[in-house]
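**Student:** just to be clear, the model below is a prediction. Sequence and coordinates:
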Amino acid sequence: MNRLRPVIFQLQFPQYFSLCRSFQYFSIRQKQSMATPKREKTCGIIVIGDEVLRGQTLDTNSHFLCKKLFEIGVSVQRISVIRDRLDEIAAEVRQFSSQFDLVFTSGGVGPTHDDITMEGVALAFDDVVEPHSKLVDLCKRYFKVDTLTAAQLKMTTIPRSSQIHFGVNRVTGERSPFPVVNVKNVYVLPGVPALLERAFSLMQERFRNEHAQFHTRTLFIAIEELAIADALNEANERFKSDVAIGSYPNFQNSYYKVKVTMQSNDAESVKRTAEFLEAKIGREHMVAYDADPVESAVERVYGLAQEATPLGRAVRDAVAIVEESLKQHRPEEICVGFNGGKDCSAVLHLYHAVLQKVQPQAKIKVLYIVNKQPFDETEAFIRKAAVRYDMEMVTMNGPIRKCLEELRHLHPEVKAVVMGQRSTDPRSADMRPLQMTDPDWPQFLRVSPILHWSYGHVWAFIRSLFLPYCSLYDRGYTSLGGQAETRPNPHLRTTDQLGNVVYRPAYLLDDEHLERDGRIESKI
């Protein structure tokens, strides 16, 4: 039984259920020496559900709550994940309630036998559960019945000492039709992420710490944590009374190796700590990393297009081509070809930036033609990109011509396809940036914004904007196809300090004419 379902207190329309599957899980790693803020408001989060502990359900709720609570000055100090056991719920709620100013529970509310969070909260405070008259009336109106079934009645049954709170939309002033249940300092939230997020967002001002004034700074560092450990330890000893310093290695990021965070109630203390670390570690190791290039796309891409550099001119020309395609066709008539490669990743970001500038509410439609034997890394990157850019993905299998015919049949509204083709690609030397497909092919306008870009342009664009890209490129692959015909580029082969064979990243290839030397067919 999947108990991460909406309780009537947060019951919304059925389409919310489908949203739950689209949220990603983020793990939280606490490795900080925390200075105690003045007038601190503390919080504990209890996630309830056997399915979370069994790995059957991803918990995104604690991440959401931590992020939002931090923004309003509340310090989350513990997250607990426990089983669906009445005595365990009661014990954990009782301990958290005595230890923290605020407690939020997630999950275990609903109409079935294993939804026992309400009973657990009641037991924690030597209380009993009973139907709440307002919730009974609410259920009767919602279900349009005079008498509730046992399951419906269970959804109105809460601890006798409970209070119920209706959230308010701060923009419209509209009150939420369904309340959140609160006993003492404990707030019971649903387990479905979309419903929890809606419930909390409508009530978050209630929890704000008016006395908190958090000042933060983040440094992104291009060398390993071990190399900066002495500097971090020294900074902690010097500033720990005023500043909380956190160090977080990242072994997958293509731009930095360690993220160092600083947090304090005093802005000057944060500034001094950052300056100390920059001087100790070396400013040459600092990375001006953009953690959300999708959000800053318009500013960064159009800013790059204004630069009087070879890359700036290339970006300016590419932007003009995309803008022209959007003058000729509406966004719903345009599809971006995307297969996870570097070229189409650059094109996708270009198109996103232009679309956000001219029609910010429009959604990107993407055509993904699945390669034979695709790399797992490529597939994973495509899935993440779909979420990152909020894309409408059209996935097809087979030869390109067949897929375009299918696209024409299934999506007759599509008139143009934006492609990551460059003139150095096979059979592309004579193409134009805006050109119809050949007469014997399904008719689409081919939009090729980076047709005249070089290999160097592509990588300079991606890395100057800190765009995510497929991890295979950091392992020596320079041109991606299927597993059967793609290998690391031999010109990037080298050895590490232990004599092991490794490959340098793709962006370090000096001679762009060797780009396809990792493709097996290039040897035939």
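**Tutor:** Thanks, I have the structure now.

**Student:** could you use CA atoms for every contact and neighbour count after this?
**Tutor:** Noted.

**Student:** distance of the residue nearest the centre of the chain from residue 293?
**Tutor:** With the centre of the chain defined as its mean C-alpha position, the nearest residue by C-alpha atoms, centre = their mean is residue 388, 6.1 Å away. Going from residue 388 to residue 293 by C-alpha to C-alpha, to the nearest Å gives 10 Å.

**Student:** equivalent analysis for residue 352, please.
**Tutor:** From residue 352 over to residue 293 the distance is 11 Å, taken as C-alpha to C-alpha.

**Student:** check the secondary structure at residue 468 for me.
**Tutor:** With DSSP: H, G, I helix; E, B strand; the rest coil as the basis, residue 468 sits in coil.

**Student:** what is the burial count for it?
**Tutor:** Residue 468 is flanked by 22 other residues according to other C-alpha atoms under 10 Å.

**Student:** roughly how far does it sit from residue 342?
**Tutor:** 10 Å.

**Student:** for residue 151, same thing?
**Tutor:** Distance from residue 151 to residue 342, by C-alpha to C-alpha: 53 Å.

**Student:** more neighbours: which of those two?
**Tutor:** Neighbour count, other C-alpha under 10 Å: between residue 151 and residue 342, residue 342 has more, with 23 against 12.

**Student:** wait, what's in contact with residue 176?
**Tutor:** With contact set as C-alpha atoms under 8 Å, 6 or more residues apart in numbering, residue 176 has these partners: 166, 167, 168, 169, 202.

**Student:** lowest pLDDT pick from those?
**Tutor:** By pLDDT, residue 169 ranks lowest within the contacts of residue 176, coming in at 81.

**Student:** who's in contact with the nearest residue to that residue once chain neighbours are set aside?
**Tutor:** Distances taken as C-alpha to C-alpha, 6 or more residues apart in numbering place residue 202 nearest to residue 169, at 5.6 Å, with adjacent residues excluded. Residue 202 makes contacts with 167, 168, 169, 170, 176, as judged by C-alpha under 8 Å, 6+ apart.

**Student:** doesn't residue 202 belong to a strand?
**Tutor:** No - looking at residue 202 with three-state DSSP, it is helix, so not inside a strand.

**Student:** what's the spacing between it and residue 41?
**Tutor:** 20 Å.

**Student:** residue 77 now?
**Tutor:** For residue 77, the distance to residue 41 - C-alpha to C-alpha - is 10 Å.

**Student:** more crowded one of these two?
**Tutor:** Neighbours per residue (other C-alpha under 10 Å) separate residue 77 from residue 41, with residue 41 holding more: 20 against 13.

**Student:** contact partners for that one?
**Tutor:** Residues near residue 41 by C-alpha under 8 Å, 6+ apart: 73, 74, 75, 100, 101, 102, 209.

**Student:** pretty sure the first one contacts residue 212?
**Tutor:** What that stands for is residue 73. Yes - with contact defined as C-alpha atoms under 8 Å, residue 73 counts as touching residue 212 (5.1 Å).

**Student:** what do those two both touch?
**Tutor:** Among the neighbours of residue 73, none is also in contact with residue 212 (C-alpha under 8 Å, 6+ apart).

**Student:** now the contacts of residue 41 in CSV, with neighbour count, secondary structure and distance to residue 375?
**Tutor:** As requested, those are exported to CSV (neighbours: other C-alpha atoms under 10 Å; DSSP: H, G, I helix; E, B strand; the rest coil; distance: C-alpha to C-alpha, whole Å):
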residue, neighbour count, secondary structure, distance to residue 375
73, 20, coil, 43
74, 23, strand, 43
75, 22, strand, 41
100, 19, coil, 47
101, 18, coil, 48
102, 21, strand, 46
209, 19, coil, 48
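
**Student:** of those, which is the nearest to residue 419?
**Tutor:** Nearest to residue 419 among the contacts of residue 41 is residue 73, at 45.5 Å by C-alpha to C-alpha.

**Student:** against residue 159, how distant is the closest one?
**Tutor:** Residue 73 is 29 Å from residue 159, by C-alpha to C-alpha.

**Student:** could you do residue 328 as well?
**Tutor:** To residue 159, residue 328 is 61 Å away according to C-alpha to C-alpha.

**Student:** so for those two, which sits in the more crowded spot?
**Tutor:** Shown here are residue 328 and residue 159; by other C-alpha under 10 Å, residue 159 has more neighbours (23 against 14).

**Student:** skipping adjacent residues, who's closest to that one in space?
**Tutor:** Closest residue to residue 159 apart from its sequence neighbours, by C-alpha to C-alpha, 6+ apart: residue 129 at 4.1 Å.

**Student:** quick check: end-to-end length of stretch 189-208?
**Tutor:** Criterion C-alpha to C-alpha; first-to-last residue distance in stretch 189-208 is 17 Å.

**Student:** in that stretch, which residues are buried?
**Tutor:** Going by neighbour count (16 or more other C-alpha atoms under 10 Å), the buried part of stretch 189-208 is 189-197, 199-204, 208.
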